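Asks: Starting from these lines, generate the structure:
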Amino acid sequence: MSESIQESSRRSFLGRLWLVLGGVALAEAVWIVVAFFQPRRRSGARDAETIYVAGPVERFEPGTVTPFPDGRFYLTRLADGGFLALNRECTHLGCTVPWVAAEGRFVCPCHASSFDMRGEVLGPPAPRPLDHFPVRIENRIVKVVLGSPIRRRVVADSQVTRA
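Replies: Residues are numbered from 1 along each chain as shown. Just a heads-up that it's a prediction; the model follows:
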């Protein structure tokens, strides 16, 4: 009879153990679903006035795009010598948009939006131009003011900083 009691308590212990493990698995599943639907946090949040020193004006040839991965922007030097610091996030869904030098444009790998050197939309579905950061030129040194990118509806000459 003691074997029957021992087997019964073992069986009830295993039953309770399976209930606990099932509860833990359910809690993990709920946590994953909730985390999936929460808006993602921006990693490496920037201060409102973080200044990124890009380098001397002479370092950037007219008609070129220079990536700054650690600053998360592209510095474009337009053919006329003006500078634009473009955010590297597509305005459609926020994918990182690489510069494709062979095509002379930014092309989004997610949904094929494309932008010219000034950030102007060449091909949808992007609804507006690439956002930009203010550029300062002090003592012939190019500096980019990082923080929140400036949203633009149109590309204008007033957004270009000239040396």
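Asks: what's around residue 75, how many residues?
Replies: Residues near residue 75, counting by other Cβ atoms under 10 Å, number 23. Glycine gets a C-beta too; all of them are placed from N, C-alpha and C.
Asks: Stretch 74-91: how far from the chain's middle?
Replies: Relative to the centre of its chain, stretch 74-91 is centred 16 Å away, using Cα atoms, centre = their mean, to the nearest Å.
Asks: Over to stretch 128-136?
Replies: Put simply, stretch 128-136 sits 14 Å off its chain's centre (Cα atoms, centre = their mean).
Asks: Any idea how far apart the tips of stretch 146-162 sit?
Replies: This stretch, stretch 146-162, spans 18 Å end to end (Cα to Cα, to the nearest Å).
Asks: Show me which residues of that stretch are buried.
Replies: If you call a residue buried by 16 or more other Cβ atoms under 10 Å, then stretch 146-162 has these buried ones: 146, 149, 152, 155, 159-161.
Asks: can you tell me the average pLDDT over that stretch?
Replies: What stretch 146-162 shows for mean pLDDT is 92.
Asks: now swap in stretch 16-24 and tell me
Replies: Rounded mean pLDDT across stretch 16-24 is 92.
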